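Q: could you look at this predicted model? Sequence included:
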Amino acid sequence: MAKVTKAVIPAAGLGTRFLPATKAMPKEMLPVVDKPAIQYVVEEAVDAGLHDVLMITGRNKNALENHFDRATEIEASLQKKGDTDRLEKVNYSTELADMHYVRQGDPKGLGHAVLRAKMHVGEAPFAVLLGDDIIDARDVLLKRMLQVQAERNATVVALLEVDPDQIHMYGAAAVETTDEDDVVRVTGLVEKPNKDVAPSNLAIIGRYVLRPEVFEILEHTKPGKGGEIQLTDALEEMAGDVEGTGGVYGVIFRGRRYDTGDRLDYIKAIVQLAVDREDLGVGLRPWLREFAAGLESNTPSGDVD
């Protein structure tokens, strides 16, 4: 059984929910406090021991490559000024991982984006991290998924309990319990079901550890919901005990997750992460209390003392 060493990050989406901000800038480069959202995801992969990162990109995504490349003019300017703190941050993103890039071409869905990683991944299991989901660095998810994959030699997905009224926004899993509290066997998957037909309120979130057999299945997976090749459809097939795939297991995540693909949740993510920062939280917390008090008393925010 091969060890997981590679991470794949699909980043070819158009980011239409954030227009006009994403008209000329990839949505993955939108700042979350003082780092682009995509850097949090790459950092998570590296922290889990996956230093070989393949990013699936599309047109107008050059900023992603530039961010993880050298910025010689900025480096020289900071060096000249003696600004070692900022220089260290710039160099950190450059040296973070062994980055590779391939374009998706036609936007045919997440399943198609993952399939584009076949040549790079080869015959070993690999991780997939979606750029819209930021997992708090203080909470363990990907490391736990890699552990479960190694123990069970299966495909592993991340699951999160959501409000049943929100399950239509996710892929939903039908599950069976195992001998581990945070691990379930996935017996079926439904992409974005209505709550009255959803098999559970366990939603698939943007972390996967896939066996390489997924590529063969994706090659014959027909377009599904939205006319796209859905990764969920391929996982549904693998969950049905397809010979040689090891089945599908889910790790139930009970930590902090920030959805940066939704405008409101994106704003919440910035506030939540900034509040916990040593350099920002001290000043932000009292301001937030005053601001919230002003809202409760219907006082315009500008009138708060």
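A: Received, thanks. Numbers count the residues shown, from 1 in each chain.

Q: centre-most residue in this protein?
A: Closest to where the C-alpha atoms of the chain average out (C-alpha atoms, centre = their mean) is residue 130, at 3.0 Å.

Q: once you drop chain neighbours, what's closest to it?
A: residue 206 (2.9 Å; C-beta to C-beta, 6 or more residues apart in numbering). (C-beta placed from N, C-alpha, C; glycine too.)

Q: and if you look at residue 258?
A: Using C-beta to C-beta, 6+ apart and skipping the chain neighbours, the partner closest in space to residue 258 is residue 269 (3.5 Å).

Q: list the contacts of that neighbour.
A: 32, 134, 258-260 (C-beta atoms under 8 Å, 6 or more residues apart in numbering).

Q: re the thing from before, state the helix or strand in which the residue nearest to residue 130 lies.
A: Secondary structure assigned from DSSP states H and E places residue 206 in strand 202-210.

Q: that strand pairs with which strands, and in what direction?
A: strand 126-129 (antiparallel), strand 155-161 (antiparallel), strand 171-177 (antiparallel) (DSSP bridges).

Q: mean neighbour count, mean pLDDT and distance to residue 278 added to those, as CSV?
A: As requested, these are exported to CSV (neighbours: other C-beta atoms under 10 Å; pLDDT from 0 to 100; distance: least, C-beta to C-beta, whole Å):
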stretch, mean neighbour count, mean pLDDT, distance to residue 278
strand 126-129, 26, 97, 26
strand 155-161, 24, 96, 28
strand 171-177, 20, 91, 37
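
Q: sorry, back to before: ok, now how distant is the residue nearest to residue 258 from residue 277?
A: Distance, residue 269 to residue 277, using C-beta to C-beta, to the nearest Å: 13 Å.

Q: A helix includes residue 60, no?
A: No: in this structure, residue 60 is coil, not part of a helix, as judged by DSSP: H, G, I helix; E, B strand; the rest coil.

Q: show the pLDDT at it.
A: Here the pLDDT value assigned to residue 60 is 82.

Q: just for the chain, where's the confidence low?
A: 1, 241-244, 298-305 (pLDDT under 70).

Q: let me see the domain layout of it.
A: 6-261, 262-305 (automatic domain parsing).

Q: which secondary structure state does the residue nearest to residue 258 sit in?
A: Once three-state DSSP is applied, residue 269 turns out helix.

Q: for this protein, which segments count as strands?
A: Ranges of strands within the chain are 6-10, 31-32, 35-36, 52-57, 98-103, 126-129, 133-135, 155-161, 171-177, 183-191, 202-210, 248-252, 257-259, based on DSSP state E.

Q: would you list the strands that the second one pairs with, along with their directions?
A: What that stands for is strand 31-32. strand 35-36 (antiparallel).

Q: now swap in the fifth one and tell me
A: According to DSSP bridges, strand 98-103 forms sheet pairs with strand 52-57 (parallel).

Q: give me the angle between the partner strand and strand 6-10.
A: 20 degrees (axes from the mean of the first three to the mean of the last three C-alpha atoms, to 10 degrees).

Q: which residues are contacting strand 52-57?
A: Contacts of strand 52-57 (C-beta under 8 Å, 6+ apart): 5-12, 42, 45-46, 64-65, 97-104, 113-114, 116-117, 120-121.

Q: could I have the buried ones of the residues you listed as PyMOL selection syntax?
A: Command for PyMOL, covering only those of the contacts of strand 52-57 found buried under the criterion 16 or more other C-beta atoms under 10 Å:
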select buried, resi 6+7+8+9+10+11+12+42+45+46+64+97+99+101+102+104+113+114+116+117+121
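
Q: any chance of the contacts of residue 269 in TSV, plus neighbour count and distance to residue 176?
A: Shown next, in TSV, are these (neighbours: other C-beta atoms under 10 Å; distance: C-beta to C-beta, whole Å):
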residue	neighbour count	distance to residue 176
32	19	36
134	26	30
258	21	30
259	16	27
260	25	32
